[in-house]
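Participant: the sequence isn't on hand, but the structure is:
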């Protein structure tokens, strides 16, 4: 079976990816935890400094990630053109313009999901983002292909 679809990056899709990537890292988890503890500390002490510091920690990261995704959308030429994906028994072929790249299944790092996308990491920090809106009715078939070809411990996709 072969699946083909096109994706077009948007600010919201990129922001969704950045949130998932950041909040699943040790620093993102730590920052959120400290922010939450400070907010809870405010209710115990009534010290507004705790509330202020906690809110800065909890709101700064998403705000800066959104601004970063806006900036990347404007400054990255690759985001201006659609990407074409072909998922086959051999791997995932990505084409944009005249350039093509095949990533074989055994070389794929992991696959995860967010509410908006399926994210396939080809390295620890680089990924292809498959927006669910662009895949449409093909989404379950894409998830099935990924789940079939990757070991179970590399797949963290929720339907």
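Facilitator: Right, received. Where do you want to start? Just so it is clear, the model here is predicted, and its values are computed rather than measured.

Participant: what about the closest residue in space to residue 54 that isn't next to it in sequence, helix or strand, and which?
Facilitator: In space, and not counting its chain neighbours, residue 54 is closest to residue 38: 3.2 Å by Cβ to Cβ, 6 or more residues apart in numbering. Where C-beta positions appear, they are placed from N, C-alpha and C, glycine not excepted. Residue 38 belongs to helix 26-45 when assigned by DSSP states H and E.

Participant: any buried residues in that helix, and which?
Facilitator: 28, 31-32, 35, 38-39, 41-42 (16 or more other Cβ atoms under 10 Å).

Participant: now, among these, which is nearest to residue 117?
Facilitator: The shortest approach to residue 117 among the buried residues of helix 26-45 belongs to residue 28, at 17.7 Å (Cβ to Cβ).

Participant: doesn't residue 22 make contact with the closest one?
Facilitator: Yes: under the criterion of Cβ atoms under 8 Å, residue 28 makes contact with residue 22 at 4.3 Å.

Participant: mind listing what's buried in the helix ranked longest in the chain?
Facilitator: The residue-count maximum for a helix in the chain (DSSP state H) belongs to helix 48-75. Within helix 48-75, the residues scored as buried using 16+ other Cβ under 10 Å are 50-51, 53-54, 57-58, 61, 65-66, 69, 72-73.

Participant: for it, packing partners?
Facilitator: Here helix 48-75 touches helix 11-23, helix 26-45, going by 3 or more Cβ pairs under 8 Å, 6 or more residues apart in numbering; DSSP states H and E.

Participant: want to try TSV for the ones you listed, with distance to residue 123 and mean pLDDT as columns?
Facilitator: Output for the helices and strands packed on helix 48-75, formatted as TSV (distance: least, Cβ to Cβ, whole Å; pLDDT from 0 to 100):
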stretch	distance to residue 123	mean pLDDT
helix 11-23	12	93
helix 26-45	18	91
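
Participant: what distance do you get for residue 107 to residue 28?
Facilitator: The gap separating residue 107 from residue 28 is 26 Å, by Cβ to Cβ, to the nearest Å.

Participant: quick one: end-to-end length of stretch 148-159, please.
Facilitator: 15 Å (Cα to Cα, to the nearest Å).
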